[in-house]
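# Quick one, what's the 3D model for this:
(one chain, ligands or ions: 1)
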Amino acid sequence: MVYRQPLNRLKKFFQKLGFWRSIGFFTALFLSIILITKIAIAQQPVTLNLLMTAPDADPWRQGMIADFERKNPRIRINIIEGPNATNLIEDLYTSAFILGDSPYDLVNMDVIWTSKFAAAGWLLDLSDRITPQELAVFSPKDVEGGSYQGKLYRIPLRSDAGMLYYRKDLLDQAKLKPPETFEQLMNISKYLQRNDKAKWGYIWQGRQYEGLVAMFLEVLEGYGGFWVNPETLEVGLDRPETLKAIAFLKDTIKQGISPPGVTTYQEEETRRLFQSGQAVFLRSWPYVWPLANQKTSQINGKIGIKPMVHAPGQSSAACLGGWGLGIAKSTKHPKEAWQAIKYFSSREAQRQFILKAGYVPSRRELFTDPEIVAKYPHFPQLLEVVDRAVLRPPIAQYAQASDILQRYLSGALTGRMSPENAMQSAAEETRRLLKAGQGKKAA
Ligand code: GLC
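I've put the predicted structure just below:
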């Protein structure tokens with residue numbers, strides 16, 4: 001038969017070769033296969049997986065990733081789009097790390113996750129990869145938000161701070177100055193609403209999620225209150241200032257200044273309403289500015305920003321937000337992940353990120369960069385807001401503490417509980433949580 005012939009030839013070949021030479025031949029063949037496979041694997045591009053909120057993904061794809069991949073042809077970045085709320089993204093990262101075998105190499109981290117992720121041992125310590133001089137170019141608070149117990153786990157990519165947007169055109173027409181106090185904000189709102197200048201006065205994030213806590217802290221501090229003192233772990237939720245802050249928010253709904261649905265809004269619902277021209281004031285983050293000023297926006301060129309309002313005798317508070325990159329301890333590609341972080345946090349990449357998406361830089365010099373200021377004249381003013389912004393308590397149990405506040409605050413705002421009962425329970429639960437945490441640390 002025809003196919004017997006090659007087999008016979010092979011047999012003859014090995015008979016001629018002899019036993020020892022055959023062994024040598026197979027060993028050489030085996031080693032060459034291993035070598036070729038190794039070379040082939042080494043030439044395969046490495047893919048780094050990165051999970052982020054859906055609204056964040058778009059700006060990342062506007063050039064920054066393509067540029068990085070062009071400069072690093074052996075590394076691919078795979079963005080996985082998650083839900084919009086930061087706490088839902090955090091849950092996805094958390095369950096992946098707890099289950100082990102996480103698919104994520106880079107961790108796109110909200111400033112409030114560092115302590116928890118670092119304490120759980122899910123991140124690589126980056127302290128030795130960057131010099132103090134290199135770190136000094138970033139806003140100190142952003143660096144602080146990426147550190148835990150003296151070690152660095154997150155390199156800041158973009159900063160964030162809560163602020164007040166207002167309809168400059170409407171205020172100018174009515175010859176009114178932007179408000180400084182909660183009361184002035186309510187009075188201006190009612191006045192312009194009465195005169196049919198806007199349907200709503202003030203829009204804020206009232207849904208039960210992390211954004212509610214960020215917004216509430218600004219009101220709470222504006223009344224002189226506090227949530228958790230990170231130094232002493234004292235809890236301030238059952239103090240009178242907290243009830244005043246809740247009363248203000250409830251009043252905005254009761255008096256028709258805020259729509260009843262505001263207690264179901266996240267950032268994007270509030271932005272859309274404001275951008276459609278239906279409201280005088282909005283509390284939000286800087287990402288709103290370029291969107292509200294795009295050509296198709298109803299309020300293009302008609303808005304101003306300022307620090308949040310406060311009670312008389314108190315001062316404005318801005319919640320520090322922001323995002324940065326860490327490296328998952330479980331990644332098989334720490335070298336490539338660091339190469340990506342170095343590029344994404346570089347001056348060049350940040351400039352592009354900002355010019356295209358209007359995000360707030362973590363590199364201080366960019367706030368006054370002439371090209372950036374020409375496009376975003378509000379940036380130098382923004383730096384003042386960012387500099388004064390306060391971190392949410394950087395404690396390892398942050399996610400649970402925030403969850404307690406979210407639940408009870410939402411209960412109080414939607415009328416399911418009285419504010420007094422809600423805040424008493426929130427304070428007690430938070431104290432129990434922090435005490436249990438201290439016990440663990442001591443053990
Ligand atoms: C923004 C902030 C982030 C905050 C979140 C709340 O993304 O940058 O720090 O936790 O909003 O919704």
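# burial count for residue 101?
Counted with other CB atoms under 10 Å, residues neighbouring residue 101 total 7. (C-beta placed from N, C-alpha, C; glycine too.)
# Can you tell me how far it is from the ligand?
To the ligand, residue 101 is 27 Å away according to CB to the nearest ligand atom, to the nearest Å.
# That residue sits in which helix or strand?
For residue 101, there is no helix or strand it lies in under DSSP states H and E.
# Which pLDDT value goes with it?
Here, the pLDDT recorded for residue 101 equals 81.
# In terms of pLDDT, where does residue 19 sit?
We have a pLDDT of 68 for residue 19.
# which non-adjacent residue is nearest the residue of the chain found nearest the ligand?
In the chain, the residue that lies nearest the ligand is residue 321 (2.6 Å; CB to the nearest ligand atom). Of all residues not flanking residue 321 in the chain, residue 160 sits nearest, at 3.1 Å (CB to CB, 6 or more residues apart in numbering).
# Counting neighbours, what do you get for that neighbour?
Using other CB under 10 Å, residue 160 has 23 neighbouring residues.
# lowest-pLDDT helix or strand in the chain?
The helix or strand of the chain with the lowest confidence, counting by mean pLDDT, DSSP states H and E, is helix 19-43 at a mean of 66.
# Residues of the stretch 201-350 of the chain that sit close to the ligand?
210-211, 214, 267, 285, 321-323 (CB under 6 Å from any ligand atom).
# thinking again about what came up before, can you verify the residue nearest to residue 321 is assigned to a strand?
Yes: checked against DSSP: H, G, I helix; E, B strand; the rest coil, residue 160 lies within a strand.
# Please look at it and residue 323 and confirm they touch.
Yes: contact criterion CB atoms under 8 Å: residue 160 and residue 323 qualify, at 7.3 Å.
# what is in contact with those two at once?
residue 111 (CB atoms under 8 Å, 6 or more residues apart in numbering).
# quick one on the thing from earlier: what about the residues of the stretch 201-350 of the chain next to the ligand, which are in strands?
If you go by DSSP state E, those have 321-323 in strands.
# Report the buried residues of the helix or strand harbouring residue 80.
If you go by DSSP H and E, residue 80 is part of strand 75-82. The neighbour-count check on strand 75-82 (16 or more other CB atoms under 10 Å) flags 75, 77, 79, 82 as buried.
# and what of stretch 226-245?
Using 16+ other CB under 10 Å as the test for burial, stretch 226-245 gives 226-228, 233, 235-239, 241-245.
# partners of the closest residue in space to residue 202 that isn't next to it in sequence in the sheet?
Nearest residue to residue 202 in three dimensions, chain neighbours excluded: residue 281, at 4.4 Å (CB to CB, 6+ apart). Beta bridges link residue 281 to residue 166, residue 202 when assigned by DSSP bridges.
# Need phi/psi at the closest residue in space to residue 214 that isn't next to it in sequence.
Leaving aside its chain neighbours, residue 214 sits nearest to residue 319 (4.3 Å; criterion: CB to CB, 6+ apart). The phi and psi values for residue 319, taken as degrees, to the nearest 10, are phi -80, psi 130.
# surely residue 319 meets residue 385?
No: look at residue 319 against residue 385 with CB under 8 Å: they stay out of range, at 10.5 Å.
# between those two, which one's more packed in?
Comparing residue 319 with residue 385 by other CB under 10 Å, the one with more neighbours is residue 319, at 26 against 23.
# Give me the pLDDT for the more buried one.
Predicted confidence (pLDDT) at residue 319: the value is 97.
# In contact with it, which residues?
Residue 319 sits next to 161-162, 214-215, 217-218, 389-390, 392 when contact means CB under 8 Å, 6+ apart.
# give me that answer again for 6 Å
Neighbouring residues of residue 319 by CB atoms under 6 Å, 6 or more residues apart in numbering: 162, 214, 217-218.
# Show me which parts of stretch 411-431 are buried, residue by residue.
Within stretch 411-431, the residues scored as buried using 16+ other CB under 10 Å are 411-413, 417, 419, 422-423, 425-427, 429-431.
# again, but for stretch 266-279
By neighbour count on 16+ other CB under 10 Å, the buried set for stretch 266-279 is 266-271, 273-275, 277, 279.
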